[in-house]
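Q: Here is my input; please provide its structure:
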Amino acid sequence: MQRKKLIAVRIVLIVLTVAVMSVIFMLSADTADESNEKSVIISDTIVYKILSRLNLTEEQLEKTANAVFVIVRKAAHFTEYAGLGFLLASVCVSFYRKRLFTVLFSQITGSLYAVSDEVHQYFVPGRSCQAGDVLIDSCGVFFGAVFLLFLCFLYFKIKNKKQRKIDN
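A: Here you go, the predicted structure:
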């Protein structure tokens, strides 16, 4: 029964990984206007609903809105690829791979996907292919993979501690 459960977990992790890759691909297929519109909703909420209480001038609010817009876009890149890195590492861990292999596999796979994503964006109206975004995406993949390994470390540390208490 344990083997069937492990296979089911692996299938779910692989399906989730492919789903995240599909979502990233679909978001990259948005035209520049569609993509900007999504980012503006978040950045304007931050600036005009939260920061507007700071009594900034209209010019200061506009400059802040532009800065927040860029931060929101780059944070979105980092976050979606951190999720991808987390899932790629999860797949590796489910196959009992060593930490170094897990990080390398996740990093190489995620970074290659980031490159393909930027190339894809090059062909979308108003979008461009930016090396800086690949770097941000790759950092996100690394963070996601290392974060998963950290959680695994904590899990086994706690599990071993409980086991030692039971044995004593």
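Q: Would you mind extracting the C-alpha trace of the worst-scoring helix or strand of the chain on mean pLDDT into CSV?
A: Ranked by mean pLDDT, DSSP states H and E, the weakest helix or strand in the chain is helix 32-44, scoring a mean of 88. Coordinates of each C-alpha in helix 32-44 appear next as CSV, following Å, rounded to 0.1, in the frame of the first residue of the first chain:
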residue,chain,number,x,y,z
ALA,A,32,1.9,43.9,-22.9
ASP,A,33,-1.4,45.7,-22.2
GLU,A,34,-3.0,42.6,-20.7
SER,A,35,0.0,41.9,-18.5
ASN,A,36,0.4,45.5,-17.4
GLU,A,37,-3.3,45.7,-16.5
LYS,A,38,-2.9,42.8,-14.1
SER,A,39,0.2,44.4,-12.5
VAL,A,40,-1.5,47.8,-12.3
ILE,A,41,-4.4,46.4,-10.3
ILE,A,42,-1.9,45.2,-7.6
SER,A,43,0.4,48.2,-7.6
ASP,A,44,-2.4,50.7,-7.6
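Q: i'd like the first residue to be 9 from this point on
A: Okay, residue one is now 9; in that scheme the one you just asked about reads as helix 40-52.
Q: Show me what the helix or strand where Val80 lies is packed against.
A: Taking DSSP states H and E as the definition, Val80 sits inside helix 66-102. Helix 66-102 is packed against helix 10-36, helix 40-52, helix 107-130, helix 139-175, with contacts defined by 3 or more Cβ pairs under 8 Å, 6 or more residues apart in numbering; DSSP states H and E. Placement of C-beta: from N, CA and C, glycine included.
Q: average pLDDT for the last one?
A: In this model, helix 139-175 has a mean pLDDT of 90.
Q: name the helices or strands packed onto that helix?
A: Helix 139-175 is packed against helix 66-102, helix 107-130, with contacts defined by 3+ Cβ pairs under 8 Å, 6+ apart.
Q: Same list (these) but as JSON lines, adding distance to Ser51.
A: Below are those laid out as JSON lines (distance: least, Cβ to Cβ, whole Å):
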{"stretch": "helix 66-102", "distance to Ser51": "4"}
{"stretch": "helix 107-130", "distance to Ser51": "20"}
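Q: Going by mean pLDDT, which of these comes out lowest?
A: helix 66-102 (a mean of 92).
Q: hmm, back to that, and the least confident helix or strand of the chain, what's buried?
A: In terms of neighbour count (16 or more other Cβ atoms under 10 Å), helix 40-52 has its buried residues at Ser43, Ser47, Val48, Ile50, Ser51.
Q: now do stretch 24-31
A: Counting neighbours by 16+ other Cβ under 10 Å, stretch 24-31 gives Leu24, Thr25, Val28, Met29 as buried.
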